[in-house]
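[1] My questions concern the predicted model and sequence given below.
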2 protein chains.
Amino acid sequence: MAAHVQDVFMLFGDSITQGAWEPGLNGFGQRLSHVYARKLDVLNRGLSGYNTEWGIPVFEQCIAKRSDENAPKLRVLAIWFGANDACILPSPQHVPLTKFSSNLNKMVDMVKSPESPRYSPDTRIILISPPPVNTLARRADLAARNPPLALDREFEITRAYSEAVREVANAQNVPFVDVWNAIWTAAGENEESLSKFLGDGLHLNEDGYKIVYNELMKTITEQCPEVHYDNLAYVFPPWAEIDLSEPAKSLYIM
Amino acid sequence: MAAHVQDVFMLFGDSITQGAWEPGLNGFGQRLSHVYARKLDVLNRGLSGYNTEWGIPVFEQCIAKRSDENAPKLRVLAIWFGANDACILPSPQHVPLTKFSSNLNKMVDMVKSPESPRYSPDTRIILISPPPVNTLARRADLAARNPPLALDREFEITRAYSEAVREVANAQNVPFVDVWNAIWTAAGENEESLSKFLGDGLHLNEDGYKIVYNELMKTITEQCPEVHYDNLAYVFPPWAEIDLSEPAKSLYIM
């Protein structure tokens, strides 16, 4: 069985999280895995197609209760939903805006509220807003399917869900990564230009993930520098620091 | 705290393992993280510069005892050393060849022997041989440092360590990934041509990691298909399989 030697950086979200280690994309998950090597285990808890409504039961199972003393410490928890919640009816993925906000609050409270069995005051929670949707590309993608599908997301609606994430983050006083505005600004506030960052109108390409990674690291640097990789030591020492006359002394650390 | 929702695929080794999520390389760690998403957590237990002698104390701490019933199951354990053990004296990284073999045996026994407190009969252990060293590139790299360093590895010696891994794997009857020969063959059995696969003569570039990933997946396909990603289900269901009238029913699985 695998012992806990490293604390955890959990990425909880939808397909944009699940796909963040995909070859060729240099996704933010992969890049976090790289820079946090030997420091934190970056765990992929991305669930393609999920909204917050389906995410909550999974979330409950991914966060250990306080009573489970052997579970690894959750140092950083990034929660990233909205892209699917913002689907329009009749999509089964649709979650009403107020319900979306209350679901996000529920997740944050599960970790942040002293009354919660999963209370974890040392976990740094980071909320991330969904990227803007390029409805031109998305419409074309869906129309080309067999059978063709109607457009399932609207530009302004996804924007509203992104703003709801900001409001929850502000009200909960947790760091917020504004992916929606970062990508919108990078695209010159032009929906067609979003194709530079979203391959199919919905999922991020390499340049899109680069923005996510940079914005996330900026947020960590400014708002929770104690979990920045530069401020975390290797769990096991760099080889040049091993006591060569008595290696075990530097290597048994548990 | 983080709950265990996925079993583990552990990559235990040296810098060639530690760097296997590096941006731009599409390393085998990253690619495993991608294909095993929602199935197994691929954990980076690569330790730059380490040999098996220093690896053993870390290994002991990374593998939980049987008595620790709450630890996540270790489904696959890849052990990949030799690149540093094969250093020549006076390098402090040097481990004599017979000691290298006995250290590898010790690691395998720790998991495979019924007498071991870390006995885990369901763990699939995979041994990997180190890549060949390009001494031309390595010599140039070391000579260019300040102060210049002498060559610390020899081609035939690394080959001997690679053969030792094969012998341990055969004697222990565990799957073996022959990275040494796969890369040597791809380079047309020409040391200079190894530069196609090893950037600095020692560490793999994108084409080198591609061979490692393909050889590893071939070995899994042929020798332990039950842990091939195609044969493992998602821990949490694909969204299209969620019971929409009663989502919780499909989503509470623990």
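    Here it is on my side, so go on.
[2] Tell me who's in contact with A:L47.
    A:L47 is in contact with A:13-15, A:17-18, A:54-55, A:58, B:38, B:236, B:239, counting by CB atoms under 8 Å, 6 or more residues apart in numbering or on different chains. C-betas here are computed from N, CA, C, even on glycine.
[3] I'd like the residues you listed as TSV, with secondary structure, pLDDT and neighbour count appended.
    Below are the contacts of A:L47 laid out as TSV (DSSP: H, G, I helix; E, B strand; the rest coil; pLDDT from 0 to 100; neighbours: other CB atoms under 10 Å in any protein chain shown):
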residue	secondary structure	pLDDT	neighbour count
A:G13	strand	98	27
A:D14	coil	98	26
A:S15	helix	98	18
A:T17	helix	98	28
A:Q18	helix	98	22
A:W54	helix	98	28
A:G55	helix	98	27
A:V58	helix	98	21
B:R38	coil	98	20
B:F236	coil	98	25
B:W239	helix	97	20
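[4] Which of these sits closest to B:S102?
    Nearest to B:S102 out of these is B:R38 (CB to CB; 38.7 Å).
[5] so what's the closest one closest to, chain neighbours aside?
    B:Y234 (4.4 Å; CB to CB, 6 or more residues apart in numbering or on different chains).
[6] That neighbour sits in which helix or strand?
    When elements are defined using DSSP states H and E, B:Y234 is found to belong to no helix and no strand.
[7] now swap in A:P148 and tell me
    Using DSSP H and E, A:P148 falls outside every helix and strand.
[8] give me the residue from the stretch 151-254 of chain A nearest chain B.
    A:W239 (3.1 Å; CB to the nearest CB).
[9] I'd assumed B:W54 was in contact with that residue.
    Yes - contact criterion CB atoms under 8 Å: A:W239 and B:W54 qualify, at 6.7 Å.
[10] contacting residues around the residue of the stretch 151-254 of chain A closest to chain B?
    By CB under 8 Å, 6+ apart, the neighbours of A:W239 are B:47-50, B:54, B:93.
[11] what sits up against the lowest-mean-pLDDT helix or strand in chain A?
    Here the helix or strand of chain A ranked lowest by mean pLDDT, DSSP states H and E is helix A:247-251, holding a mean of 93. Defining contact as CB under 8 Å, 6+ apart, one finds that helix A:247-251 is touched by A:236-237, A:241-243, B:53-54, B:57-58.
[12] If you count neighbours, what's buried in that helix?
    A:247, A:250-251 (16 or more other CB atoms under 10 Å in any protein chain shown).
[13] Burial check on the residue nearest to A:K73 when sequence neighbours are not counted, number of neighbours?
    Leaving out its chain neighbours, the residue that sits closest to A:K73 by CB to CB, 6+ apart is A:D7, at 4.2 Å. A:D7: 21 surrounding residues under other CB atoms under 10 Å in any protein chain shown.
[14] Next, count neighbours for the residue nearest to A:G55 when sequence neighbours are not counted.
    Counting by CB to CB, 6+ apart, the nearest residue to A:G55 once its immediate chain neighbours are dropped is A:F81, at 6.1 Å. If you count neighbours by other CB under 10 Å, A:F81 ends up with 30.
[15] which residues sit in contact with A:F81?
    A:F81 neighbours (CB under 8 Å, 6+ apart): A:13-14, A:50-52, A:55, A:100, A:103-104, A:130, A:165.
[16] Check the residues you listed and tell me the two furthest apart.
    Farthest apart among those by CB to CB are A:Y50 and A:V165. That separation is 15.5 Å.
[17] pLDDT weak spots in the stretch 151-254 of chain A?
    By pLDDT under 70, the stretch 151-254 of chain A has no low-scoring segment.
[18] could you pull out the strands for chain A?
    Secondary structure of chain A (DSSP state E): strands located at A:7-13, A:40-46, A:74-80, A:124-128, A:176-177.
[19] got TSV for those, with distance to B:P121 too?
    Below are the strands of chain A laid out as TSV (distance: least, CB to CB, whole Å):
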stretch	distance to B:P121
strand A:7-13	27
strand A:40-46	25
strand A:74-80	31
strand A:124-128	39
strand A:176-177	44
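[20] Tell me which of those lies nearest to B:D200.
    Comparing the strands of chain A under CB to CB, the one sitting nearest is strand A:40-46, at 26.1 Å.
[21] what comes into contact with stretch A:110-122?
    Identification of contacts with stretch A:110-122 by CB under 8 Å, 6+ apart yields A:59-60, A:63-67, A:73-75, A:77, A:109, A:123, A:125, A:172, A:174, B:1.
[22] Check stretch A:90-108 too.
    With CB under 8 Å, 6+ apart as the test, stretch A:90-108 has contacts from A:12, A:49, A:51-53, A:55-56, A:59, A:79, A:81-82, A:84-88, A:125, A:127, A:152, A:160-161, A:164-165, A:167-168, A:171-172, A:174, B:239, B:244.
[23] one more time with 6 Å, if that's ok
    A:51-53, A:56, A:59, A:79, A:84-85, A:87, A:125, A:152, A:164, A:168, A:172, B:244 (CB atoms under 6 Å, 6 or more residues apart in numbering or on different chains).
[24] Then stretch A:53-63?
    Here stretch A:53-63 has contacts from A:45, A:95, A:103, A:107, A:118, B:3, B:5, B:236, B:242, B:247-248, B:251-252, B:254, using CB under 6 Å, 6+ apart.
[25] Of those, grab the buried ones for ChimeraX.
    Selection command for ChimeraX covering only the buried members of those, criterion 16+ other CB under 10 Å:
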select /A:45,95,103,107,118 /B:3,5,236,242,247,251
